[in-house]
Every structure is written in C-alpha cells, then in structure tokens.
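Colleague: pasted the sequence and its predicted model underneath.
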Amino acid sequence: MLRLRDIMTTKVVAATPDMTLREATELLVQNGISGAPVVRNGRVAGIVSASDLLLFASVSNPAGLREEAEEGGGGDATIDWDGRDELPAAFLARAGAASDEEPAAHVRGASGDRDPLAEHTVAEVMTRAVLTVPPSALVRHAADYMRRAGVHRLLVVDHGELVGIVSTMDIARVVAEGKLSTRTYLFGAPTGTG
C-alpha cells in the first residue's frame, strides 16, 4: 500500500511570518508552487497560498489584517490528524469562522506608487489552522482527507518535525501512473509462464 512517505516532496520550500507578501509571491512563482508552509523558529506557524495572496489583493483595508495579526489573530494552530477519525473539530471550527468573515476591499493610493505587497507580511494573511499527517498515512486516506477538508496540500510531520508536503498534484501523478491500483489474488500471485 502506498504511503505518503513514498510520494511526498521532501525538499519543502517554506516562507517565514515576517516575509513580505511581495517576497512570498516571488517565492511561490520562482518555485512553481501554489502554497508553502510558514515556519517560525523551526516550527510550523501556518501556510500561505496563492489564494491567500489573491484575497489580500482584493481587500481594501489591509491595515485591519495587520491589526488582527499584531493582536494575535487567533494564534497559531497545528491540527494533527492520524487518519482514523473524521476531520478534527478544531479545523472545522476555524474554517467555519474564517469563512463567515467578510474581507474588506483594498484601495490603492491615488499616486499609484504604493506597493501593498511590500508593506504587509505573511503573518497577516497566512492560514493558521494547518492540517498535518504522519508520513505513514496511506495516500488514499490523505486524498480523502484533503477532499473533505477542501485543501490542496497537507504538511507531513514526524514527531513534530516538518519532513515533507503532499499536494493534490502529487496524488494526481501517482493516480495517473497507476500506482494506487491494488491487486488481490485468491491463490497467490501468478508465476511467469513462457
């Protein structure tokens, strides 16, 4: 059975909370990725995605985001999942709370020379509720977990250490390569005949 350790990306590109949104955007573009974990002092603090950056670009009052981040903004939360239960209640509560908030729209200054992406940090827009899975999790369980949670990537954590990341593209690749198919033989595997 295929496990995440067999397909995960181990060279994880990570952002930091104090990185500007301009730097984070460049990081994603240069590496051809749509999201990256945010790491602070060696620990996962959140995840930043292209969707987070697009949402920021569409809001009119990014100062409100900064105030929330400076006040704690709900704190960091890593939500571990072992694959046996339904989605963690903590994730569902955070996801529901976040979706009820209405973003304010961003208005560019009259001179047009302001660069809001350089004025704000990853900590202001990152998703703090991060789903993690162990490297031993089955790929099919992780795929179902991603589908139910509505996320495009899971962080693979082993004993608190970030060891990899698995995305929907990783799973699509192994499906396309036929690596998820399993065979069951009633009387043992067939032997070669010539």
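Modeller: Looks like it arrived, so ask away.
Colleague: C-terminal to the strand or helix carrying Leu117, what's the next element?
Modeller: Using DSSP states H and E, Leu117 maps to helix 116-119. Downstream of helix 116-119, the next assigned helix or strand under DSSP H and E is helix 122-125.
Colleague: flag every buried residue along the helix holding Leu117.
Modeller: Pro116, Leu117 (16 or more other Cβ atoms under 10 Å). Any C-beta I mention is one placed from the backbone N, CA and C, and that applies to glycine too.
Colleague: now stretch 18-36
Modeller: Met19, Thr20, Leu21, Glu23, Ala24, Thr25, Leu27, Leu28, Ile33, Gly35, Ala36.
Colleague: for Ala50, which residues are in contact?
Modeller: Leu28, Ser34, Gly35 (Cβ atoms under 8 Å, 6 or more residues apart in numbering).
Colleague: show me which of those residues is closest to Pro116.
Modeller: Leu28 (16.8 Å; Cβ to Cβ).
Colleague: helices of the protein, start to end?
Modeller: Applying DSSP state H to the chain gives helices spanning 4-7, 21-31, 50-58, 62-70, 89-100, 116-119, 122-125, 139-149, 168-176.
Colleague: would you convert the contacts of Ala50 into CSV that also reports distance to Asn41?
Modeller: Output for the contacts of Ala50, formatted as CSV (distance: Cβ to Cβ, whole Å):
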residue, distance to Asn41
Leu28, 22
Ser34, 25
Gly35, 21
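Colleague: re earlier: so which of the helices of the chain is nearest Val156?
Modeller: Judging the helices of the chain by Cβ to Cβ, what sits closest to Val156 is helix 4-7, at 5.4 Å.
Colleague: these two touch, right, Thr20 and Leu117?
Modeller: Yes. The pair Thr20 / Leu117 is scored as a contact, 6.6 Å apart, by Cβ atoms under 8 Å.
Colleague: before we move on, the earlier item: for the helices of the chain, give me TSV that also has distance to Leu162 and mean pLDDT.
Modeller: Converted to TSV, those look like this (distance: least, Cβ to Cβ, whole Å; pLDDT from 0 to 100):
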stretch	distance to Leu162	mean pLDDT
helix 4-7	13	94
helix 21-31	16	95
helix 50-58	19	87
helix 62-70	22	55
helix 89-100	18	42
helix 116-119	26	86
helix 122-125	16	94
helix 139-149	16	93
helix 168-176	16	91
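Colleague: quick one: which of those helices is nearest Gly42?
Modeller: helix 122-125 (16.3 Å).
Colleague: export that closest one as PDB, just CAs?
Modeller: The C-alpha trace of helix 122-125 is given here as PDB (Å, rounded to 0.1, in the frame of the first residue of the first chain):
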ATOM      1  CA  VAL A 122       2.900  36.700   5.500                       C
ATOM      2  CA  ALA A 123       1.800  36.600   9.200                       C
ATOM      3  CA  GLU A 124      -1.100  38.900   8.200                       C
ATOM      4  CA  VAL A 125      -2.600  36.600   5.600                       C
END
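Colleague: mind giving me the packing neighbours of that helix?
Modeller: helix 21-31, strand 43-49, helix 50-58, helix 62-70 (3 or more Cβ pairs under 8 Å, 6 or more residues apart in numbering; DSSP states H and E).
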